[in-house]
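> Okay, predicted coordinates and the sequence, questions at the end:
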Amino acid sequence: QVQLVESGGGSVQSGGSLRLSCAASGFTHSTYCMGWSRQAPGKEREGVATIDGGGRITYADSVTGRFIISRDNAKNTLYLQMNSLTPEDTAMYYCAATQYFYCSGFDYWGQGTQVTVSS
């Protein structure tokens, strides 16, 4: 049974940084796509970043140059380093994964971790 557990959210002032982590369990291999999405109050969920089974990375335009996604396959952990945060980054952040190598949609979701950025 696949489980994704996020951690690392919190409150930070504008311009600050946070690092989110997502511990994955239940996968039988390590070459699968993972990603981060977020949902702000009153808005639809949006994709933030993905990393596929081969390490290829994509970012949303809104976070390019500020956020860095990475993974440690030995620890089955996904990370999101968030720098230069602004109040517009305030949202619930969700870790997601699929058993497939390429990122064409997610089958599993974590419970989310809240990120709040104050001005």
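Structure's in. What do you need?
> buried sites along stretch 14-26?
18, 20, 21, 22, 24 (16 or more other CB atoms under 10 Å). Using the backbone N, CA and C atoms, a C-beta is placed for each residue, glycine as well.
> In this model residue 111 seems to touch residue 9, though I could be wrong.
No - applying CB atoms under 8 Å, one finds residue 9 not in contact with residue 111, separated by 11.0 Å.
> Please identify which of those two sits among more neighbours.
residue 9 (19 against 11; other CB atoms under 10 Å).
> can you tell me how far that one sits from residue 118?
Distance of residue 9 to residue 118, computed by CB to CB, to the nearest Å: 14 Å.
> Same question for residue 97.
Counting by CB to CB, the gap from residue 97 to residue 118 is 31 Å.
> So if I had to pick from the two, which one is more boxed in?
Set side by side, residue 97 and residue 118 show more neighbours around residue 97, with 23 against 11, by other CB under 10 Å.
> Return the residues in contact with the more buried one.
Contact partners of residue 97, counting by CB atoms under 8 Å, 6 or more residues apart in numbering, are 2, 4, 24, 27, 32, 33, 34, 35, 78, 106, 107, 108.
> out of the residues you listed, which one sits closest to residue 57?
residue 35 (9.6 Å; CB to CB).
> Need the three-state assignment for that closest one.
Of the three states, residue 35 takes strand under DSSP: H, G, I helix; E, B strand; the rest coil.
> Specify the beta-bridge partners of the nearest residue to it once chain neighbours are set aside.
Using CB to CB, 6 or more residues apart in numbering and skipping residues adjacent in sequence, the residue nearest residue 35 is residue 50, 3.7 Å away. Under DSSP bridges, the beta-bridge partners of residue 50 are residue 35, residue 58.
> Quick check, residue 50 in contact with residue 33.
Yes - Residue 50 lies in contact with residue 33 (CB under 8 Å); the separation is 6.3 Å.
> who touches both of those two?
Residues touching both residue 50 and residue 33 by CB under 8 Å, 6+ apart: residue 103.
> Identify the residues contacting the residue nearest to the spatial centre of the chain.
By CA atoms, centre = their mean, the mean C-alpha position of the chain lies nearest to residue 36, the distance being 2.6 Å. Residue 36 makes contacts with 20, 22, 47-50, 69, 78, 80, 93-96, as judged by CB under 8 Å, 6+ apart.
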